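# Make a model of this:
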Amino acid sequence: MASRFLTWEIVKNHHAYIMKRPNIRTLSKEPGNVRNIHSFKANGFIHPKTIDIQPAKDNKGVVITRRKRNKMNRPAAQTKSMIMKTGPRRLLWKVARVIVTDRYRHDLKKAAMRRASAILQSQKPKKIKKRGGAKPAAKK
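Below is the predicted model:
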């Protein structure tokens, strides 16, 4: 496998997941990019061990997808997904534990926890506000 630096030089200006917009920082949405920022540090293509956090299909919990370094020549066995549907505090603790115990990109631990927290926040049921209209007239 080529070095990370060479791979970055090849793909940094041309790949399918770049989102270039005028007057906005360039974003990227490839799998394994927790921060969604187009940079060497956050890129999901070039690092051998990556972690990706997405919402679950039933909108209850998150899916954590990890890429293993030792399975680089077998793409089907390279990724492993876990669905986590516990409460918010427990889920954030589990995300941190997965990153720390399996040694997945300690520099992106806070970003992964923020992504999981934002997904959980978006899955909360919305509170319906009652409209404060005129009160009905009293009956005599």
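
# Just after the lowest-mean-pLDDT helix or strand in the chain, pick out the following helix or strand.
In the chain, the helix or strand scored least confidently by mean pLDDT, DSSP states H and E is helix 75-78, which has a mean of 80. Counting by DSSP states H and E, the next helix or strand C-terminal to helix 75-78 is strand 79-84.

# beta partners for the residue most central in space within the chain?
Taking C-alpha atoms, centre = their mean, the centroid of the chain lies closest to Ile53, which sits 3.4 Å from it. Beta-bridge partners of Ile53, counted by DSSP bridges, are Ile64.

# Before we move on, what's the pLDDT of it?
Per-residue confidence (pLDDT) for Ile53: 92.

# still on that earlier bit, now do the least confident helix or strand of the chain: distance to the chain's middle.
The chain centre lies 20 Å from the centre of helix 75-78; the measure is C-alpha atoms, centre = their mean, to the nearest Å.

# all strands of the protein, in order?
Listed from the start of the chain, the chain has strands (DSSP state E) covering 18-19, 27-28, 50-55, 62-67, 79-84.

# ok, and what's touching the second one?
Same thing as strand 27-28. Among residues not part of strand 27-28, those counted as contacts by C-beta atoms under 8 Å, 6 or more residues apart in numbering are His15, Tyr17, Ile18, Met19, Arg21, Asn36, Ile37, His38, Ala42, Asn43. All C-beta atoms are positioned from the backbone trio N, CA, C, and that covers glycine.

# ok, which pair from those is furthest apart?
Looking at those by C-beta to C-beta, the two members farthest from one another are Arg21 and Asn43, with 18.4 Å of separation.

# re earlier: hmm, who's touching the least confident helix or strand of the chain?
Arg67, Lys68, Lys71, Met72.
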